[in-house]
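# Dropping a prediction and its sequence here:
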Amino acid sequence: MGLLKFLVCVVLAVLLAGKFVTGEWMWGRGDGAWASVRKLWPVQQRLFSEGLLGTFDGSQPDKPIYIAVRPFRFFFFFLLALALWVVVLCMLGAL
């Protein structure tokens, strides 16, 4: 019974994170895109070297400002913290 309660809390945490991050419960994929992994994989990406990224620092007004972010690491820790928070609330009986 404890495992089932834990899994329900984790699913709730993922759904709440989706609502918080994208504004939709299913992470903006309510149109059936979950069925196709190929749709979820980004195809048009521009890869920057550290030197090239440094040229987009705002010193030239005609170039945009780019910021390097490790989205997976940020997103992973955000979801982990949110899931732990929901699990604690579930265990305390608040949810």
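Structure's in. What do you need?
# could you give the mean pLDDT of stretch 61-68?
The average of the pLDDT scores along stretch 61-68 is 85.
# what does that stretch contact?
With CB atoms under 8 Å, 6 or more residues apart in numbering as the test, stretch 61-68 has contacts from 48, 53, 55-58. Backbone N, C-alpha and C define where each C-beta goes, glycine included.
# Out of those, who's the most crowded?
Within the contacts of stretch 61-68, neighbour counts (other CB atoms under 10 Å) peak at residue 56, which reaches 15 neighbours.
# residues touching that one, list them.
Contact analysis of residue 56 by CB under 8 Å, 6+ apart lists 48, 63-66.
# what about residue 86, neighbour count?
Residues contacting residue 86 under the criterion other CB under 10 Å number 22.
# For residue 67, see how far away the closest residue to it other than its chain neighbours is.
Leaving aside its sequence neighbours, residue 86 sits nearest to residue 13 (CB to CB, 6 or more residues apart in numbering; 3.9 Å). Computed as CB to CB, to the nearest Å, the residue 13 to residue 67 distance reads 28 Å.
# hey, where'd the helices end up in the protein?
Using DSSP state H, the helices of the chain run over residues 2-22, 37-40, 50-54, 71-92.
# I'd like these written out as TSV, with mean pLDDT added.
TSV is the format used below for those (pLDDT from 0 to 100):
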stretch	mean pLDDT
helix 2-22	80
helix 37-40	58
helix 50-54	86
helix 71-92	78
